[in-house]
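Undergrad: show me how the following folds:
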Amino acid sequence: MDSNVVVLDGESLTTEILYKLSRPGTKIKISDDAWKRIEASRTAVDKAVAESEITGVKIYGVTTGFGKNAPKQIAKQHLHLLQVSIIRSHAAGVGQPLSPERTRMLMAVRINVLSKGCSGVSPGVLRAFIDAFNESCLPIVPEKGTVGACGDLAPLAHVALGLIGEGDMWSPATGRRGAIEVLQHHKLKALDYKRDLNPKDGLALVNGAQLITSLGSEAVERAAAIARQADVVTALTVQILRGSAEPYRREIHDRRNHSGQGKSAARLWQLLDLKRFPEANLLRRVGGPDDEVQDAYSLRCAPQVHGVACDTTEMVRNWLNIELNSATDNPIVVGDNILVGGNFHGEYPAKALDYLAIGIHELSSISERRIDKLMHGRNTEKNSENEVILPSFLVNPAPVDGLNSGFMIAHCTAAALVSENKGLCHPASVDNIPTSDGQEDHVSMGGWAARKALQVVENVETVLGIELLASCQGMFLRQKNKGKTGDEPKLTAPLQKVYDLVIGSSVRLAANDIYMAPNIEAAVRLLREEKVRIIHHFSMCSCIV
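TA: All right, here's what the predicted structure looks like:
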């Protein structure tokens, strides 16, 4: 099968696969077994509607109104209108539109949940949904408006609105235009509510916590990537500051036995082990003439802090992988039964993403402290000409002392982002505002939990990018300021490759002040593209990644 085609079955989607589906060109196919479940659940809905006409038994959201209107029976001739009404009325989101990549993820998760066979969606409606995704006909979905209980109604309603040919859509071929125009350009037909929307179809399209889980999947995948690379950046800083690798010895971490801590320490040790890399001459030797006994916490305790981020990320990923394959409709179809429940409540993914924000934030908090250490330089370490090798703010004082500011404000930027993260780490899911006339009296606020978790991850990436840039600047200055008789500074082999990667990119290092913002952007881009992790992986094949 084409590697760009992902088969969905409602059972096996992961955050990693979903993140892949955000990329243009990837397509979706539904498994044969899933289609059988979809058809069976639709048959169950049709049977229940037919029986309801005889018995008068109400079926929530199928033959009744929604939310507070649940007790109100809807006449047979209005059932099609009921399904389009929920789409139109619930498309009430505000704010900036989701990016095309995030819209693709949102659509893909909902398609996967419908494929589980518990929603009762008509197969023709699902095929139209899949066709729109595969042609990259993406509805315009505002990012705000969900309270994360009764699902993410507003965002999913905007998705459904495009499928019925209303509102705006976007495709690479057309840009943003009216939904009908975009669909027609790709030779697709909009769903006609009188012809195509059967009882429960509208509700099936909008009812679920898929905005939370789709944005959360991006957040957790990016968090995992930056957590892995944080150890590499830290190892580089340890060498530039002439720190010690001793705190990363396995004997220490085996006696605490947290999985993430042990993996982080193993990565750091294998990047800094002087027995493997005896040529490296920047690390401080225990018992040597320059031994300062122990380093500051931001160096020495990196595994204990990074490990929490790794373990939190793994926990969140596990929760989200369950959520991605969960039936979050109300009601859900189980065999011939249509059951009213509360699986739409977004508390699980909301809590998970609040945990993620708190756990991953610490990578930026401790990184900023290491950046601060780099700002102080090592003014007592001088070359044969009595010149400072690693000057304050990572910039040479020449031609006039005090003229250059170096990384002074880059450090301020890192501090600003860390402070911003502190506010963003306040849990969204501890809030509650009842809606729908008290019917929906407890909500998760998971949409905000997901959006702010993404912002926290983005800030973490930037702070670690600044640290990566600052450490490379430190190495550049060590080489430049070693003096006529000084030894050539040498990093361990894998970290030399990291340094070579940075200076071989669009980063420009200089002994005097230069325009800093493009350098920061370039360093952050290397981390977002996981280039530092790739170098780590191939240089240290035995590392636990």
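
Undergrad: name the surrounding residues that touch stretch 512-525.
TA: The contact list for stretch 512-525 (C-beta atoms under 8 Å, 6 or more residues apart in numbering) reads 395-396, 398, 403-407, 409-410, 413, 461-462, 465-466, 468-469, 472, 502, 505-509. Every residue, glycine included, has its C-beta placed from N, CA and C.

Undergrad: now Val45, nearest residue through space, not along the chain?
TA: Spatial nearest neighbour of Val45, chain neighbours left out: Gly120 (3.8 Å); criterion: C-beta to C-beta, 6 or more residues apart in numbering.

Undergrad: the one you found and Thr14, how far apart?
TA: Distance, Gly120 to Thr14, using C-beta to C-beta, to the nearest Å: 25 Å.

Undergrad: rewinding a little: the contacts of stretch 512-525, buried ones only, as a PyMOL selection?
TA: Here is the PyMOL selection string for the buried members of these, based on 16 or more other C-beta atoms under 10 Å:
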select buried, resi 395+396+404+406+407+410+413+461+462+465+466+468+469+472+502+507+509
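
Undergrad: quick revisit: between Gly120 and Thr14, which has more neighbouring residues?
TA: Gly120 (29 against 15; other C-beta atoms under 10 Å).

Undergrad: got the buried residues for the helix or strand hosting Leu527?
TA: In this structure, Leu527 is located in helix 517-528 according to DSSP states H and E. In terms of neighbour count (16+ other C-beta under 10 Å), helix 517-528 has its buried residues at 519-520, 522-524, 526-527.

Undergrad: stretch 272-281 too?
TA: Per 16+ other C-beta under 10 Å, stretch 272-281 contains these buried residues: 272-274, 277, 280.

Undergrad: show the end-to-end separation of it, please.
TA: End-to-end distance for stretch 272-281, by C-alpha to C-alpha, to the nearest Å: 11 Å.

Undergrad: what are the ranges of the strands in this structure?
TA: Assigned by DSSP state E, the strands in the chain fall at 5-8, 27-30, 94-97, 138-139, 142-144, 168-171, 175-178, 332-334, 337-339, 378-382, 388-390.

Undergrad: Lys482: neighbouring residues, count only.
TA: Lys482 has 16 neighbours, counted by other C-beta under 10 Å.

Undergrad: okay, the buried residues of helix 517-528 in a markdown table with distance to Pro172 and pLDDT next?
TA: As requested, the buried residues of helix 517-528 are exported to a markdown table (distance: C-beta to C-beta, whole Å; pLDDT from 0 to 100):
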| residue | distance to Pro172 | pLDDT |
| --- | --- | --- |
| Asn519 | 31 | 96 |
| Ile520 | 30 | 97 |
| Ala522 | 27 | 96 |
| Ala523 | 30 | 97 |
| Val524 | 26 | 97 |
| Leu526 | 27 | 96 |
| Leu527 | 27 | 97 |
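
Undergrad: which of these sits closest to Thr103?
TA: The nearest member of those to Thr103, counting by C-beta to C-beta, is Val524 at 23.9 Å.

Undergrad: local confidence estimate at the closest residue to that closest one other than its chain neighbours?
TA: Nearest non-adjacent residue to Val524, counting by C-beta to C-beta, 6+ apart: Gly465, 3.4 Å away. Note on Gly465: pLDDT of 98.

Undergrad: give the contact list for Gly465.
TA: The contact partners of Gly465, by C-beta under 8 Å, 6+ apart, come to 520, 523-527.

Undergrad: any chance of CSV for these, columns distance to Asn318?
TA: Conversion of these to CSV gives the following (distance: C-beta to C-beta, whole Å):
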residue, distance to Asn318
Ile520, 33
Ala523, 31
Val524, 28
Arg525, 29
Leu526, 28
Leu527, 24
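
Undergrad: so where's the stretch 251-400 of the chain uncertain?
TA: Where the stretch 251-400 of the chain drops to pLDDT under 70, the residues are 285-293, 378-380.

Undergrad: where do the helices sit along it?
TA: Along the stretch 251-400 of the chain, the stretches classed as helices by DSSP state H, counting those that start in this stretch are 259-272, 297-300, 302-324, 347-376.

Undergrad: how far away is the residue nearest the centre of the chain from Thr312?
TA: The residue lying closest to the centre of the chain (C-alpha atoms, centre = their mean) is Ala219, at 1.4 Å. Using C-beta to C-beta, Ala219 is found at 12 Å from Thr312.

Undergrad: which neighbours do those two have in common?
TA: Common neighbours of Ala219 and Thr312, using C-beta under 8 Å, 6+ apart, are Leu356.

Undergrad: who's Lys27 bridged to?
TA: Val5 (DSSP bridges).

Undergrad: number of residues surrounding Arg255?
TA: Neighbours of Arg255 under the rule other C-beta under 10 Å: 7.

Undergrad: go on, Met315?
TA: Neighbours of Met315 under the rule other C-beta under 10 Å: 16.

Undergrad: can you name the residues that contact it?
TA: By C-beta under 8 Å, 6+ apart, the contact list for Met315 reads 352, 355.

Undergrad: from Glu51, how far off is it?
TA: 44 Å.

Undergrad: how about Leu282?
TA: 78 Å.

Undergrad: okay, these two: which has more neighbours?
TA: Ranked by neighbour count (other C-beta under 10 Å), Leu282 and Glu51 place Leu282 first, with 21 against 12.

Undergrad: my read: that one touches Ile240, true?
TA: Yes - at 6.9 Å, Leu282 counts as touching Ile240 under the criterion of C-beta atoms under 8 Å.

Undergrad: mutual contacts of those two, please.
TA: Contact criterion C-beta under 8 Å, 6+ apart; residues shared by Leu282 and Ile240: Arg478.

Undergrad: quick one on the thing from earlier: I'd say the residue nearest to Val45 and Ile338 touch.
TA: Yes - between Gly120 and Ile338 there is a contact at 7.4 Å, judged by C-beta under 8 Å.

Undergrad: overlap in contacts, these two.
TA: What both Gly120 and Ile338 touch, as defined by C-beta under 8 Å, 6+ apart, is the set 44-45, 62.

Undergrad: the helices in the stretch 401-545 of the chain, which residues?
TA: Assigned by DSSP H, counting those that start in this stretch, the stretch 401-545 of the chain shows helices spanning 408-424, 446-480, 493-504, 517-528, 531-539.

Undergrad: make TSV out of those helices and add distance to Leu18.
TA: Shown next, in TSV, are the helices of the stretch 401-545 of the chain (distance: least, C-beta to C-beta, whole Å):
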stretch	distance to Leu18
helix 408-424	23
helix 446-480	13
helix 493-504	29
helix 517-528	18
helix 531-539	20
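
Undergrad: and those helices, which one's lowest on average pLDDT?
TA: Among the helices of the stretch 401-545 of the chain, helix 531-539 has the lowest mean pLDDT, at a mean of 65.

Undergrad: which of the shared contacts of Gly120 and Ile338 count as buried?
TA: 44-45, 62.

Undergrad: which one of the residues you listed is nearest to His185?
TA: Minimum separation from His185 among those (C-beta to C-beta) is found for Val45, which lies at 33.0 Å.

Undergrad: quick check: that closest one vs Ala154, distance?
TA: For Val45, the distance to Ala154 - C-beta to C-beta - is 24 Å.

Undergrad: same check on Ala309?
TA: 32 Å.

Undergrad: those two: who's more crowded?
TA: Ala309 (27 against 22).

Undergrad: got CSV for the helices of the stretch 251-400 of the chain, with distance to Asn112 too?
TA: Converted to CSV, the helices of the stretch 251-400 of the chain look like this (distance: least, C-beta to C-beta, whole Å):
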stretch, distance to Asn112
helix 259-272, 29
helix 297-300, 42
helix 302-324, 6
helix 347-376, 15
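
Undergrad: contacts only, for Asn404.
TA: Contacts for Asn404 were tallied using C-beta under 8 Å, 6+ apart; they are 393, 395-397, 512-513.
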